[in-house]
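Peer 1: quick one: sequence and predicted model below, then my questions.
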Amino acid sequence: MLRKASAALITGGAKRIGQAIALDLASLGYDIALHYHTSPKEAQVTVNTIRKIGVTCELFRCDLSKEDPSLKLIGQVKKKFPNLDVLVNSASVFEKSKLTIKDLQRLDYHFAIHLKAPFILTCEFARLCNQGQIINILDTNVAKNKTSHITYLLSKKSLEDLTKLSAIELAPKIRVNAIAPGLILPPKGQPTTYLNRLATQIPLKQKGEVLNITQTLRFLIENEFITGQVIYTDGGENLI
């Protein structure tokens, strides 16, 4: 039986994996603080769906690429949900880049979303909530060194390190873990068949489902003796 928390904040919760996580936590009885930035329609649809489950759900718009709004987010959520004790850093951007000065802007953007914002939210969560758990969403490719999306991958690798460092710093009151998804959802503009082709190259020879991510999330929430770990939910892709 999973322990019911009062509330969970999911960044990037309007769609894709963030949305699936928000819906799953709501089904467990968590009230949901749903963060979004540029997807208001999708966010409202998600809120309506969550409220039908029978829990409270509130929207929080915030540009996580900006320091000041990010610093205020946890405090804003805490006012609505005083017993907040779960933070899921799911917000993500995915842009191609190379090792070139021309991509400095993308470097700043990726690091703002994938490292600085989670760093700020982690600090504020620890300060204002004092106990609970944090789950960061990574990428199976943090185990590799692919260069087609170098600034994206570098920022996700840094988030992996933040996971481990903050797990030590915030123990024993706050556990910090991460999930590294593999072939779950196709990139924007790509059909599902795109992943089916790629899946033939990984050990389990199949794409995953968002259900596999929420199963991993439940495992991390339930097991109170795990912290500082990265769970690869990727059909073995990180192994090759």
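Peer 2: Noted; the coordinates are in hand.
Peer 1: C-alpha coordinates for the biggest helix by length in the chain, CSV please?
Peer 2: When the chain is parsed with DSSP state H, its longest helix is helix 150-170. This file holds the C-alpha atoms of helix 150-170, laid out as CSV (Å, rounded to 0.1, in the frame of the first residue of the first chain):
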residue,chain,number,x,y,z
ILE,A,150,25.0,18.1,-26.9
THR,A,151,23.7,21.0,-24.8
TYR,A,152,20.5,19.1,-24.0
LEU,A,153,22.5,16.0,-23.0
LEU,A,154,25.1,17.9,-21.0
SER,A,155,22.3,19.6,-19.0
LYS,A,156,20.6,16.2,-18.3
LYS,A,157,23.9,14.7,-17.2
SER,A,158,24.3,17.6,-14.8
LEU,A,159,20.8,16.9,-13.4
GLU,A,160,21.9,13.4,-12.8
ASP,A,161,24.8,14.7,-10.7
LEU,A,162,22.4,17.1,-8.9
THR,A,163,20.2,14.1,-8.0
LYS,A,164,23.1,12.3,-6.3
LEU,A,165,24.5,15.4,-4.6
SER,A,166,21.2,16.5,-3.2
ALA,A,167,20.3,13.0,-2.1
ILE,A,168,23.4,13.2,0.2
GLU,A,169,22.8,16.8,1.3
LEU,A,170,19.1,16.4,2.1
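Peer 1: measure the closest residue to Tyr194 other than its chain neighbours to Ser70 for me?
Peer 2: Closest residue in space to Tyr194, ignoring its immediate chain neighbours: Pro186 at 4.9 Å, by Cβ to Cβ, 6 or more residues apart in numbering. In short, each C-beta sits where N, CA and C put it, glycine included. Going from Pro186 to Ser70 by Cβ to Cβ, to the nearest Å gives 29 Å.
Peer 1: the two - which one has more neighbours?
Peer 2: Of the pair Pro186 and Ser70, Ser70 is the one with more neighbours under other Cβ atoms under 10 Å, namely 22 against 15.
Peer 1: how far is the helix or strand harbouring the more buried one from where the chain is centred?
Peer 2: Per DSSP states H and E, Ser70 falls inside helix 67-80. Centroid displacement of helix 67-80 relative to its chain, using Cα atoms, centre = their mean, to the nearest Å, is 17 Å.
Peer 1: just checking, next helix/strand downstream of that helix?
Peer 2: By DSSP H and E, the next helix or strand past helix 67-80 is strand 84-89.
Peer 1: list the buried residues in the one helix or strand in the chain whose mean pLDDT sits lowest.
Peer 2: Within the chain, no helix or strand scores below helix 192-199, which has a mean of 90 by mean pLDDT, DSSP states H and E. By neighbour count on 16 or more other Cβ atoms under 10 Å, the buried set for helix 192-199 is Leu195, Ala199.
Peer 1: do stretch 39-47 as well
Peer 2: Applying 16+ other Cβ under 10 Å to stretch 39-47 flags Ser39, Ala43, Thr46, Val47 as buried.
Peer 1: give me the element the second one is part of.
Peer 2: Ala43 is located in helix 40-53, with elements delineated by DSSP H and E.
Peer 1: pick out the residue nearest the middle of this protein.
Peer 2: Ser90 (2.0 Å; Cα atoms, centre = their mean).
Peer 1: roughly how far apart are the residue nearest to it when sequence neighbours are not counted and Ala8?
Peer 2: Spatially, and ignoring its direct neighbours in sequence, Ser90 is nearest to Gly18 (3.8 Å; Cβ to Cβ, 6+ apart). Noted for Gly18: a distance of 11 Å to Ala8, by Cβ to Cβ.
Peer 1: between these two, which contacts overlap?
Peer 2: Counting by Cβ atoms under 8 Å, 6 or more residues apart in numbering, the contacts common to Gly18 and Ala8 are Val88.
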